[in-house]
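Participant: Okay, here's the prediction I keep looking at, along with the sequence it came from:
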Amino acid sequence: MTTEQELRQKLRKISALFEGATTAGERDAAAAAIDRVRKALAAAEQVEKSVETQFKLVDQWNRRLFTALCRRYGLKPYRYPRQRHTTVVLRAPRSFINNTLWPEYLQIERALHDYLNEATERIIREEVFGNSDEAEERSG
C-alpha cells in the first residue's frame, strides 16, 4: 500500500530525474534544479522556434497536473474560446516538450493514477463492500 508520503517522495524522485538531480542534497535544492530546467528551456527557445501544441487531456486531474507542470517551468498553458475544457494549448520548443515536459508528465501521471486507484480500491473494499471486482461476463 502506498501512503501519501511515499507518493510525494516518488514524485520528487521523478522530478529530480528530469531536472538532473542525482543526490539527496540536490533534491533539497529543488529550486536550483527547476532554475536549470528553465535556463535549458530559454536556451532551447534561442535555438529552436516555439511551436503551438494542443494536448487533449482526458479529465480534470490530468489537466490540472499538466498545467501545473507547465507553470512550474514558466510556461503559460491556455485554450481558445469554444475549445473543450479537456484541451490545453502550449507554446514551447518541440524538443523541450518531447524530451522533458511530456515524459515527466507521463511518469507523474502514472504514479498519481496508481496511487488514486489503490486508494479507491481500499476505500470501496473497506467502506462499501469487500469485493469490488468487475462484474462477471455472461454469454448471451
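Facilitator: Everything's here; your move. Owing to the predicted nature of the structure, the values given are computational and were not obtained by experimental measurement. Numbers count the residues shown, from 1 in each chain.
Participant: okay, CA-based contacts and neighbour counts for the rest of this
Facilitator: Noted.
Participant: Val47 is in contact with Ala92, correct?
Facilitator: No - contact criterion C-alpha atoms under 8 Å: Ala92 and Val47 do not qualify, at 11.8 Å.
Participant: between those two, who's got more neighbours?
Facilitator: Remark: of Ala92 and Val47, Ala92 carries more neighbours, 23 against 9, as counted by other C-alpha atoms under 10 Å.
Participant: pLDDT score assigned to the more buried one?
Facilitator: Ala92 carries a pLDDT value of 94.
Participant: quick one: it is in a strand?
Facilitator: Yes - with DSSP: H, G, I helix; E, B strand; the rest coil as the criterion, Ala92 is part of a strand.
Participant: Find the residue closest to the residue nearest the centre of the chain in space, skipping its chain neighbours.
Facilitator: Relative to the mean C-alpha position of the chain, the nearest C-alpha, by C-alpha atoms, centre = their mean, is the one of Tyr105, at 3.1 Å. Spatially, and ignoring its direct neighbours in sequence, Tyr105 is nearest to Phe66 (6.4 Å; C-alpha to C-alpha, 6 or more residues apart in numbering).
Participant: Settle this for me: the one you found is touching Glu104, isn't it.
Facilitator: No - taking C-alpha under 8 Å as the definition, Phe66 is not a contact partner of Glu104, at 9.6 Å.
Participant: one step back: for the residue nearest to Tyr105, phi and psi?
Facilitator: phi -60, psi -50 (degrees, to the nearest 10).
Participant: for the protein, what helix or strand is lowest in average pLDDT?
Facilitator: helix 24-28 (a mean of 60; mean pLDDT, DSSP states H and E).
Participant: which element follows that helix toward the C-terminus?
Facilitator: helix 30-47 (DSSP states H and E).
Participant: helices or strands up against that following helix?
Facilitator: helix 4-19, strand 87-93, helix 94-96 (3 or more C-alpha pairs under 8 Å, 6 or more residues apart in numbering; DSSP states H and E).
Participant: What residues sit buried inside the shortest one?
Facilitator: Buried residues in helix 94-96, defined by neighbour count with 16 or more other C-alpha atoms under 10 Å: 94, 96.
Participant: Check stretch 119-139 too.
Facilitator: Result for stretch 119-139 [16+ other C-alpha under 10 Å]: buried residues Ala119.
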